[in-house]
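Enquirer: need the 3D shape of this:
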Amino acid sequence: MNAAAPVAGPPAKTLIAGVGNIFLGDDGFGVEAVRRLGEHPLPDGVEVVDIGVRGVHLAYQMLDGYHTVLLVDASARGGEPGTVHLLDATTPAGTRPPDTALDGHHMTPDAVLALLDTLSAGTDGRRPERVLVVGCEPADVAEGIGLSEPVAAAVDEAVELILRLVGAAEPAPSAAGPHTTERNTTPC
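Expert: As a prediction, this is how the structure comes out:
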């Protein structure tokens, strides 16, 4: 009697979600980054979506059996405009205050993550095991379409970082050198 060789399971599901409002300048960073990411081949099990301002939709989608979720968004952290940040948001920083009204078009990634436990209890969904945020320091989020020069220049750096995180590529270093902060390049 021959023992069957173990069968590898399907690859872990990964969701890459571009978040932001393209009508507010650099807030459209996440949307542009995932648009550009769509030009690259990705491993099986990796899904790229343009969420835009649909925060509640993102929260429900995150409960759909993903191992890892990468949120791509403008993220003001006090650095130089165009600085790319990699943050681990797997452990919720806190919960949304109970008196805060949900506004499906103005939910930050923090608000989406705070909503996950409530939604998972009502849907039998489960939180992703890992949540990372690829953020970019904005220069201008005033009304207007188009990214500022430093944020537009950071899109390629963010795409390269995401490709490394999902194990899709090992891109060559940038001629200008990386200016990413808080790196955690452990593959998803």
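
Enquirer: neighbouring contacts of the helix or strand residue 70 falls within?
Expert: Element membership for residue 70, per DSSP states H and E: strand 68-74. With contacts defined as Cβ atoms under 8 Å, 6 or more residues apart in numbering, strand 68-74 is touched by 12-20, 26-30, 33-34, 58, 62, 89, 109, 112, 128-138, 141, 151, 158, 162, 165-166, 188. Just so you know, the C-beta spots here come from the backbone N, C-alpha and C atoms, and that holds for glycine as well.

Enquirer: strands of this protein, start to end?
Expert: 14-19, 46-52, 68-74, 84-88, 130-136 (DSSP state E).

Enquirer: mean neighbour count and mean pLDDT added to the ones you listed, as CSV?
Expert: CSV is the format used below for the strands of the chain (neighbours: other Cβ atoms under 10 Å; pLDDT from 0 to 100):
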stretch, mean neighbour count, mean pLDDT
strand 14-19, 26, 94
strand 46-52, 20, 93
strand 68-74, 26, 93
strand 84-88, 19, 93
strand 130-136, 24, 93
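
Enquirer: got CSV for those, with distance to residue 40 too?
Expert: Converted to CSV, the strands of the chain look like this (distance: least, Cβ to Cβ, whole Å):
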stretch, distance to residue 40
strand 14-19, 11
strand 46-52, 9
strand 68-74, 14
strand 84-88, 17
strand 130-136, 15
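
Enquirer: relative to residue 145, which of those is closest?
Expert: strand 46-52 (13.2 Å; Cβ to Cβ).

Enquirer: strand partners of that closest one, parallel vs antiparallel please.
Expert: strand 14-19 (parallel) (DSSP bridges).

Enquirer: alpha carbons of the partner strand, as CSV, please.
Expert: Taking Å, rounded to 0.1, in the frame of the first residue of the first chain, the C-alpha atoms of strand 14-19 are listed here in CSV:
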residue,chain,number,x,y,z
THR,A,14,-4.2,38.1,0.5
LEU,A,15,-6.2,41.2,-0.1
ILE,A,16,-4.5,44.4,-1.2
ALA,A,17,-6.9,47.3,-0.9
GLY,A,18,-6.3,50.8,-2.2
VAL,A,19,-8.1,53.3,0.1
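
Enquirer: now what about that strand, what contacts it?
Expert: 30-35, 37, 45-53, 55, 58, 61-62, 64, 66-73, 109, 128, 162, 166, 188.

Enquirer: what do you get if the cut-off is 6 Å, keeping everything else the same?
Expert: Residues from elsewhere that reach strand 14-19, judged by Cβ atoms under 6 Å, 6 or more residues apart in numbering: 30-31, 33-34, 46-51, 58, 66, 68-73, 166, 188.
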